[in-house]
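Asks: let's see this in three dimensions:
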Amino acid sequence: QVQLVESGGGLVQPGGSLRLSCAASGSIVSIYAMGWYRQAPGKQRELVATITSGGSTTYADSVKGRFTISSDNAKNTVYLQMNSLKSEDTAVYYCKLVGRTRWIDPDRDYWGQGTQVTVSS
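Replies: Sure, this is the predicted structure:
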């Protein structure tokens with residue numbers, strides 16, 4: 001019912017930049033927030049950044065000052081601008097949407113398939 005399609009991952013050298021995009025589609029009636037999480041090999045999935053429909057943002061300490069999350073509510077799309085990338089940013093990045101497909105239902109989490117980001121020289 002809800003599809004999240006991520007794009008923009010790839011291979012970049014340390015110090016470089018990438019911009020991730022995540023477009024949501026389907027029978028969405030309300031979005032509370034969207035965000036990005038990442039999972040490196042052998043590690044748990046962790047929060048990178050989130051943004052609410054009202055524009056409030058949160059960031060992991062490890063990315064503050066380097067990453068910027070933004071959204072286009074009209075397009076149900078969230079972006080993650082990643083600058084000054086480091087090798088430790090290498091991970092699969094997942095998009096998450098918190099919202100609902102029916103007004104009578106509570107918000108729930110929806111996840112994308114993930115996009116690989118590799119930072120290496």
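
Asks: would you say Ser84 is within a helix?
Replies: No. Applying DSSP: H, G, I helix; E, B strand; the rest coil, one finds Ser84 to be coil, outside a helix.

Asks: isn't it up against Gln13?
Replies: No. With contacts counted by CB atoms under 8 Å, Ser84 stays clear of Gln13, the gap being 11.4 Å. To be clear about C-beta, it is placed using only N, CA and C from the backbone, and glycine gets the same treatment.

Asks: more neighbours: which of the two?
Replies: Comparing Ser84 with Gln13 by other CB atoms under 10 Å, the one with more neighbours is Ser84, at 13 against 10.

Asks: who's in contact with that one?
Replies: Under the criterion of CB atoms under 8 Å, 6 or more residues apart in numbering, the neighbours of Ser84 are 15, 17, 66.

Asks: neighbour-wise, give me the winner out of those.
Replies: Within the contacts of Ser84, neighbour counts (other CB under 10 Å) peak at Arg66, which reaches 15 neighbours.
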